[in-house]
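**Q** Here's my sequence, what's the structure:
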Amino acid sequence: MDRDLLKQRLEVALVPSVKGEFRVDSLELLTGGSAAQTWRFTLQRATGAAEYILRLAHEGSLFELAIDKRTEAAVQTHAVAHGVLAANIIHILAPEDQLGEGFVMDLIRGETIPQKILRQDQYRHARRQLAAQCGRQLAAIHQVPIQALPYLRDSSVAPQLAQLHAFYTGFGEVIPVFDYAFRWLGENMQPCDQTTLVHGDFRNGNLIVNEQGIAAILDWELAHLGDPMEDLGWLCVTSWRFGNNDLPVGGFGSRQDLYAAYESAGGRCVNEDAVHFWEILGTLKWGVICLYQTTVHLSGEERSVNRAAIGRRVSETELDLLALFNAR
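**A** Residues are numbered from 1 along each chain as shown. Prediction:
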């Protein structure tokens, strides 16, 4: 959509949610965003200016494993109301806004690029806190009441594995390591004794980090109900370490710090076998998502250098899976 038309429609859309006269300025499309477009803009009012983020779903078919933006906004709002660090949402787009699916939320300052978080000196203090902070935030997410979330799908292990396998086979690709991983996971399913809200994509890269640590948790489009151990396993997937493989929690911390903080903040007793299982499933899932991203690009549905670059990581996940199977 043309930037001027987007600005015009956004100003009209925000009228019910913003008091008094205002105008939208400095609308800027941010880099990245394979899951959704992210626009930063300034809201100018007589009382002053404030910056916000507009999250817009990509045009075309919805990623099969994701929830729609209206549902994502509802989950994020519910999590914030129960003490989880995430941005406050001020407006959810409606069909009459003619902008597609999306929502507007507060801009929270900080860094999201993992390589900067892991290597720049200004985040040295934060890095020492991050694993424990992740544990506390995951405990908070897993204690969010789920009675108000009946619209979320049940993605405990059996239905999730079946859905992921159907998604994978739909591409018509034969990847022997993936085929073996699906069989291993089917034969080694871990029991789930507690169903909670699961963020689904809690990892380095979806955290806004400042000099003190986590400022906010982003990207709730994979949220679902399921086993809380899933989030712990996903956070430890090798791809989210960004080269710091000796620090399994996001490339910045230890499992011991993560688990201890999680349990002390009210999370259930960590089942390390279940976390290992979910780390394998998470690695496989990321491999399938990489396959999806490159398929979208190659099919012409959405030509994107970002999607093509992610697609090359399919082979990385094959190596990671082999290492995990050899680890125990």
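
**Q** Please enumerate the strands of this structure.
**A** Shown for the chain, the strands assigned by DSSP state E span residues 22-29, 36-45, 48-57, 89-92, 102-106, 196-198, 207-210, 213-217, 224-226.

**Q** Run through the residues that contact A126.
**A** I117, V209, N210, E211, Q212, G213 (C-beta atoms under 8 Å, 6 or more residues apart in numbering). For glycine as for every other residue, the C-beta is placed from the backbone atoms N, C-alpha and C.

**Q** let me redo that: L281
**A** Contacts for L281 (C-beta under 8 Å, 6+ apart) come out as V157, Q160, L161, L164, L185, E230, G233.

**Q** and the residue sitting furthest away from the middle of the chain, how far is that from V18?
**A** Most distant from the centre of the chain: A46, at 35.6 Å, with distances by C-alpha atoms, centre = their mean. For A46, the distance to V18 equals 12 Å [C-beta to C-beta, to the nearest Å].

**Q** sorry, back to before: and among the strands of the chain, the most buried is which?
**A** Mean neighbours per residue, mean count of other C-beta atoms under 10 Å, is largest over the strands of the chain for strand 196-198, with a mean of 25.

**Q** So what are the sheet partners of that strand and their directions?
**A** strand 224-226 (antiparallel) (DSSP bridges).

**Q** gap between the strand it pairs with and the chain center?
**A** Centroid separation for strand 224-226 versus its chain: 14 Å, with C-alpha atoms, centre = their mean, to the nearest Å.

**Q** in the helix or strand of the chain with the lowest mean pLDDT, what's buried?
**A** Ranked by mean pLDDT, DSSP states H and E, the weakest helix or strand in the chain is helix 305-311, scoring a mean of 76. Going by neighbour count (16 or more other C-beta atoms under 10 Å), the buried part of helix 305-311 is R307, I310, G311.

**Q** Scan the contacts of L281 and report the most crowded one.
**A** In terms of neighbour count, E230 stands highest of those at 29 neighbours, by other C-beta atoms under 10 Å.
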